[in-house]
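Engineer: Pasting the sequence and the predicted coordinates here, then a few questions.
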There are 4 protein chains.
Amino acid sequence: MKAQKVDMFVVPMATPSDTTGLQKLAESGKIKPDTLVALVGKTEGTGQHDDWGRVWADVALREWTAKFVGIPVGEVAQRVIFVLSGGCPGVITPHIAAVTREVVDVSDPGEEKRLVVGRAGSEPMAPEDVGRMGQIRKVAEATKRAMKDAGLTEPGDVHLVMVKVPGLTVATIRDAESRGQTVVSHDLTFGPEGAGSYANDAAALGVALALGEVKESALSDSVVRRDWDLYSEVAMTSSGGEKRHGEVVVFGNAAGSQSALQIGHAVTRDFIDAEGVRKALRSAGLHFNGGLPDDNDMAQRLVHVFAKSVIPGSDQIRGNRITLLDDTDAYQIGKALGGMLIASVTGRTTNYVSGGERNSHQGPPGGNIIAAVARV
Amino acid sequence: MKAQKVDMFVVPMATPSDTTGLQKLAESGKIKPDTLVALVGKTEGTGQHDDWGRVWADVALREWTAKFVGIPVGEVAQRVIFVLSGGCPGVITPHIAAVTREVVDVSDPGEEKRLVVGRAGSEPMAPEDVGRMGQIRKVAEATKRAMKDAGLTEPGDVHLVMVKVPGLTVATIRDAESRGQTVVSHDLTFGPEGAGSYANDAAALGVALALGEVKESALSDSVVRRDWDLYSEVAMTSSGGEKRHGEVVVFGNAAGSQSALQIGHAVTRDFIDAEGVRKALRSAGLHFNGGLPDDNDMAQRLVHVFAKSVIPGSDQIRGNRITLLDDTDAYQIGKALGGMLIASVTGRTTNYVSGGERNSHQGPPGGNIIAAVARV
Amino acid sequence: MKAQKVDMFVVPMATPSDTTGLQKLAESGKIKPDTLVALVGKTEGTGQHDDWGRVWADVALREWTAKFVGIPVGEVAQRVIFVLSGGCPGVITPHIAAVTREVVDVSDPGEEKRLVVGRAGSEPMAPEDVGRMGQIRKVAEATKRAMKDAGLTEPGDVHLVMVKVPGLTVATIRDAESRGQTVVSHDLTFGPEGAGSYANDAAALGVALALGEVKESALSDSVVRRDWDLYSEVAMTSSGGEKRHGEVVVFGNAAGSQSALQIGHAVTRDFIDAEGVRKALRSAGLHFNGGLPDDNDMAQRLVHVFAKSVIPGSDQIRGNRITLLDDTDAYQIGKALGGMLIASVTGRTTNYVSGGERNSHQGPPGGNIIAAVARV
Amino acid sequence: MKAQKVDMFVVPMATPSDTTGLQKLAESGKIKPDTLVALVGKTEGTGQHDDWGRVWADVALREWTAKFVGIPVGEVAQRVIFVLSGGCPGVITPHIAAVTREVVDVSDPGEEKRLVVGRAGSEPMAPEDVGRMGQIRKVAEATKRAMKDAGLTEPGDVHLVMVKVPGLTVATIRDAESRGQTVVSHDLTFGPEGAGSYANDAAALGVALALGEVKESALSDSVVRRDWDLYSEVAMTSSGGEKRHGEVVVFGNAAGSQSALQIGHAVTRDFIDAEGVRKALRSAGLHFNGGLPDDNDMAQRLVHVFAKSVIPGSDQIRGNRITLLDDTDAYQIGKALGGMLIASVTGRTTNYVSGGERNSHQGPPGGNIIAAVARV
């Protein structure tokens, strides 16, 4: 009988184009040309429109991967999914997590649920789909296929869904309007009414729809970025104008998996909720002493943490006012604060933390999603 | 027999000029014209040179205090010490802590050590003193007098020393140089070689000298901002060009005090050390369940936390690189991260957190000072 | 026969609350309690949501004006119009321009067209009006009444219309939606789809409608921030959530005016068009030598320049790409660049320059409005 | 008889790694492997420590040049000098200027002075030299050799000297101090007391010494960044910690040169002095109509402008206060304003404008250096 065996390796990057960590993984045999399925990382740079660190990292990593796998650069995207989140303000170490997957033969797979991963591309998304039901449905459909690819049938076994979808650009808006279509926004930013935010949030609702977190009857174009009670607890999404299809990577635990890893997740109840981070660690099977995670477990068993740090839409935290919504560099500060919340619990800085935007259907109002991967 | 009775009340501010919280304290009788000794707060605004929020708050609070106490605005400084730290990026609620002190007659003061506060002004500091031994010695001398004013004799009973000293300005540099004197820096900022940083750090070393944390023989002009092994664990200092004298406020615990409060402190070992924050809470007498502070204690007994968030001089945290030193808005992010570290432990956002500058003799290399005040 | 006599005095401000320049004008008799009609100025501070410099200036100037005029602070708004634009990045000197108007008896008013000023308040604007035809029509109507107040009948004699209108707030959005109404945006910023931008632009189209620059038949809700070929060449608008009515101040030249001043205007063709600035100076009657304004005229006759510095919506200037749209501090840089464009032509830094937002119906696509006031 | 023939081609860059403009120059034969001597450009990105745009551009341009010239990347530095200035805020188009030089045989070289270029590397500079007389003297010596390489004997014929020198790093400071040497600063930034500023300014004084703009007797370690009356009118300098030698490129006009170009320069008297820019254009031989440069000349004969935009050390411009020194993003704004000053005169955005730092020996106090290259 066939079973997945998934592994994950985290290496720091000294510069945006630093592939020495990956090269060592390759030379040690930990990652192989035919097992590498995803590179998920944080790249240093501004994390904003002018973030050449992320662009350079993308170019350098694709070139390295092409050589490693032995294919042209243009074909890398079909083989390895890239999720690069720009901006490491504060205490977020630039790093890359390499995810490998192999299919092994097993006679007695066992009942323990262990890490699996699945991927799927979506149907093409037209500009008029972006931030609307069209995008929601196509992400939902791709999420289901990615679950199938992962061998996951129960939504409750899904702990992290990373999605990349098309956003809008000047060109795609022009295209849509020339065909008599409207678009969700003319604001190309990730601001409150920005197309980037609408795309991210439609993608999150698509995951929520696929997993049954939200009913289809509750969804319509008009709830996107309006009804914050609709959300996914496991979707981390991003969008870029240059894409035409969505990409979905699902992480979960499945019986029979031969992985030495398992994944868990939780959501924070608000922006300062360290206990939410600890819940995610517990969910991944890490032991606790009293209220705190066991030091040895943290040092030896914790593989990686993935977290969002979306800025709350309210200026109140537990009854007191904060000024974050008015901070001129709120985007950077919001992301950095997420990095601190995670690092102060995990005791390490190589955490994947993306965010900075305001409000989201990724996680509950004011709270954020945290997923953790641990060795069994 | 005479004894101090000190209290502390924290009220949020809705705008830089909001005195409604203080007014309510006044109307409720919690603070009185003859007991108010200090106002210590965080004001919203940029926290940088162009921080008009802090300036406006200072004007508004002095006007309110003058009316409250019944004296001209120009005399407020002799009666009430103001420590206003500008900038509330992230999760730091703009707030003011009012400190009251009265002297009460007691027949049996008891042996319990409780909160006391003492104040002293320093000798005038010439521009050529700034950031050098002259400033160190004058702060040390004033610290000793403030300890005496507080009724504190043991350095180990001192848990927080807030100091304000003169920095340098274009005018005072000109004055010094016209008299044939040199100054420590022509950089008026709080950058690595800025006069503001030198002044802050000389003040910290002055406290360290007074408390015996550093020997006088180890001190010289050349160690300031060079030998980071010399530091105070309780000094929080600030400097401004407009001042001519230093001001010192000492908080500690003394036997016989009739206060219902006690103070404790600790230092973090690095920038992500939440355990250091918890140590400060333990030091203030708060109870813990397992590794975490007791929720009821936190809600009912914790009065206030004072913390520094100085950016580490190294780009490494626990062996991994961070980019904070190169972040263009490191000053804001560094301060905000301190706010998150405290808030994620205390579960509240009304914490006094100042910082953002790089390296300091306030606390050990890479670590920061945390003081906590709790009801007994 | 009655005629207007208008004067304008520009004084620098040393801090946001500095009223010494105004006080000197008062003591010299240049401004009088019954002639002061408007204070228009640039205040230092961030110019963004957290701009406490502007708020403090507003408070301080209203308090000063109340004392000067001899009325309660709450009545100042009925007597003197305040237009304070926050943010003086670069080479914009913080300053205030005091505008006075008196009505004098003249036997032979003459035919020369000289400066007049008129004011009007609009009908109340509901939240659902903001950024839509409701706001456009109410501004247009108020503009016509302000023209009448100024004694202006020809649109061609109007050279500057400053308008302040209500924007949206969390509270007013809630109010509108509770009544079953929609609002133009949930984004409260001045971003591309922000309610602030919609309000500013509806106000500009209102002026354009009143002056015949745009036909009513060309206007609808859907053209606001969409059809950039519709614009005013003389409208400088701002919006704030706290207001309920619009306020309009019209400046123009009218025959019979006894003012010693005249006003002119022009628009720049793109963001680097210094010639557009020079055209405005010519329009105000200043003499030129060759292609440059006469130095003596500039020193002795130029009273003030009012300019917008809206960032172009395109990333191209004269065929070459610029990165301004992606600059993370584009708002500050965009405003600062306008300040330089004006200052490099006028040779002085006390220019009123507001802007930083992207795209606008204030001026043609890519260009900006410049008005100049000169002594005859 | 041998004579230089120098040419210069400016191409915009669409991204930091865009070499398509250079490739077209190569394919058209305008630049050849054996004539290319320098690439001088502005790269998009933050222009600060985290400027990955500049780093990426450097890597991409060196790789392209290596292929073009047919040498290993490691040898490119010996053949082609790179001067890449990071940061294009506002209206500065990212671009690269390719400088070619060939030696041609001429029988009658003529008396007209035309563009020549010369290069030289300096002696190695130890960390203890940085920002001090050691660096000044080594730059002066290299400048003289570069003049010789250019065939320039008269300092008055030198119009632009671009210099790159070593700055300080954590490692080189440690090295110096381990040998018992001191360094000029422990601040590694380009702030007022930063090592980067000291290095830049020592380099500028080195040029001034070589050209006789400053007497050797007036120079000492203690005048660097102190005596602003000592300066060069033609030095544009930069520094980086990674270098060990200085590099100097001299541009001037020499009789006999067969170039179709000539260079001129001027200095602005203050930060808003557009006339200073026009003087540089006149100096390069461009014609003027009245006070303004002739449009045809600007379109057809102006090849390139090189300018510094150092922020003035004073908060006064022509008697009025500006807030630039306190603007939190003064570095970006200062550079952007220089870009506007030049673009508003030249009518184009492809200008080389570096700066943002405060005070400098590059140009007179408050003023900046502008050099212009024009076709004859």
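Structural biologist: Done, it's in.

Engineer: got the residues of the stretch 151-300 of chain A near chain B?
Structural biologist: The stretch 151-300 of chain A comes close to chain B at residues A:Phe271, A:Ile272, A:Asp273, A:Ala274, A:Asn289, A:Gly290, A:Gly291, A:Leu292, as judged by Cβ under 8 Å from any Cβ of the partner chain. (Each C-beta comes from the backbone N, C-alpha and C, glycine too.)

Engineer: min pLDDT across those, which one?
Structural biologist: Minimum pLDDT for those is recorded at A:Gly290 (87).

Engineer: Is A:Ala266 within a helix or a strand, and which one?
Structural biologist: Assigned by DSSP states H and E, A:Ala266 belongs to strand A:261-267.

Engineer: how big is the angle separating the helix or strand following that strand from helix B:274-283?
Structural biologist: Counting by DSSP H and E, the next helix or strand C-terminal to strand A:261-267 is helix A:274-283. Taking axes from the mean of the first three to the mean of the last three Cα atoms, to 10 degrees, one finds helix A:274-283 and helix B:274-283 inclined to each other by 120 degrees.

Engineer: Okay, buried residues for helix A:274-283 please.
Structural biologist: The neighbour-count check on helix A:274-283 (16 or more other Cβ atoms under 10 Å in any protein chain shown) flags A:Ala274, A:Gly276, A:Val277, A:Arg278, A:Lys279, A:Ala280, A:Leu281, A:Ser283 as buried.

Engineer: Report the contact partners of A:Gly285.
Structural biologist: Neighbouring residues of A:Gly285 by Cβ atoms under 8 Å, 6 or more residues apart in numbering or on different chains: A:Gln262, A:Gly264, A:Arg301, A:Ala374, A:Val376.

Engineer: Checking whichever residue of the stretch 201-350 of chain A sits closest to chain D next. Helix, strand or coil?
Structural biologist: Among the residues of the stretch 201-350 of chain A, A:Thr328 lies nearest to chain D; the distance is 8.6 Å by Cβ to the nearest Cβ. Following DSSP: H, G, I helix; E, B strand; the rest coil, A:Thr328 is assigned to coil.

Engineer: Let me know whether it touches C:Asp51 as I believe.
Structural biologist: No. Look at A:Thr328 against C:Asp51 with Cβ atoms under 8 Å: they stay out of range, at 9.4 Å.

Engineer: Not counting sequence-adjacent ones, nearest residue to A:Val184?
Structural biologist: A:Gly131 (3.6 Å; Cβ to Cβ, 6 or more residues apart in numbering or on different chains).

Engineer: tell me the two of the buried residues of helix A:274-283 that are most distant?
Structural biologist: Farthest pair in those (Cβ to Cβ) is A:Ala274 and A:Ser283. Separation: 14.9 Å.

Engineer: So is whichever strand or helix holds A:Leu22 next to chain D?
Structural biologist: Assigned by DSSP H and E, A:Leu22 belongs to helix A:20-27. No. Using Cβ under 8 Å from any Cβ, we find that helix A:20-27 stays clear of chain D, coming within 15.5 Å at best.

Engineer: I'd like the distance from that helix to the chain centre, please.
Structural biologist: 23 Å (Cα atoms, centre = their mean, to the nearest Å).

Engineer: quick one: buried residues of that helix?
Structural biologist: A:Gly21, A:Leu22, A:Leu25, A:Ala26.

Engineer: just those now: which is nearest B:Asp7?
Structural biologist: A:Gly21 (55.0 Å).

Engineer: Surely A:Ser257 touches A:Gly151?
Structural biologist: Yes. Contact status for A:Ser257 versus A:Gly151: in contact at 7.5 Å, counting by Cβ under 8 Å.

Engineer: Contact partners for the residue in the stretch 251-376 of chain A that chain B sits nearest to?
Structural biologist: Of all residues in the stretch 251-376 of chain A, A:Gly290 sits closest to chain B, at 1.9 Å by Cβ to the nearest Cβ. Contacts were defined as Cβ under 8 Å, 6+ apart; by that measure A:Gly290 touches B:Asn289, B:Gly290, B:Gly291, B:Leu292.

Engineer: Name the member of those with the most neighbours.
Structural biologist: Counting neighbours by other Cβ atoms under 10 Å in any protein chain shown, B:Leu292 leads those with 17 neighbours.

Engineer: who does it bridge with?
Structural biologist: B:Asn289 (DSSP bridges).

Engineer: What residues does it make contact with?
Structural biologist: A:Gly290, A:Gly291, A:Leu292, B:Arg278.

Engineer: Over to A:Gly276?
Structural biologist: A:Ala266, A:Val267, A:Thr268, A:Arg269, A:Gly367, A:Asn368, A:Ile370.

Engineer: if I look at A:Gly86, how far off is D:Gly86?
Structural biologist: Taking Cβ to Cβ, to the nearest Å as the measure, A:Gly86 falls 18 Å from D:Gly86.

Engineer: scratch that, A:His49
Structural biologist: 16 Å.

Engineer: what about stretch A:303-314, near chain B?
Structural biologist: No. Judged by Cβ under 8 Å from any Cβ, stretch A:303-314 stays clear of chain B, getting no closer than 9.7 Å.

Engineer: tell me which parts of the stretch 251-376 of chain A are close to chain C?
Structural biologist: Counting by Cβ under 8 Å from any Cβ, the stretch 251-376 of chain A sits next to chain C at A:Thr323, A:Leu325, A:Asp326, A:Asp327, A:Thr328.

Engineer: Nearest residue to the last one in space, please, no chain neighbours.
Structural biologist: Computed as Cβ to Cβ, 6+ apart, the closest residue to A:Thr328 that is not its neighbour in sequence is C:Gln48, at 5.1 Å.

Engineer: what do you get for the second one?
Structural biologist: In this structure, A:Leu325 finds its nearest non-sequential neighbour in A:Asp315, 5.3 Å apart by Cβ to Cβ, 6+ apart.

Engineer: picking that back up, select only the buried ones of the contacts of A:Gly285 in ChimeraX?
Structural biologist: One line in ChimeraX is enough to select the buried ones among the contacts of A:Gly285; burial here means 16+ other Cβ under 10 Å:
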select /A:262,264,301,374
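
Engineer: just the contacts of A:Gly285 now: which is nearest D:Ala126?
Structural biologist: A:Arg301 (49.5 Å).

Engineer: how close does the closest one get to A:Leu25?
Structural biologist: Counting by Cβ to Cβ, the gap from A:Arg301 to A:Leu25 is 19 Å.

Engineer: The one helix or strand A:Ala38 maps to - which strands sit beside it in the sheet, and in what orientation?
Structural biologist: Following DSSP H and E, one finds A:Ala38 within strand A:36-43. Using DSSP bridges, the strands paired with strand A:36-43 are strand A:81-86 (parallel), strand A:95-105 (antiparallel).

Engineer: The strand holding A:Ala266 versus helix A:274-283: what angle between them?
Structural biologist: Counting by the same axes, to 10 degrees, strand A:261-267 points 150 degrees away from the direction of helix A:274-283.
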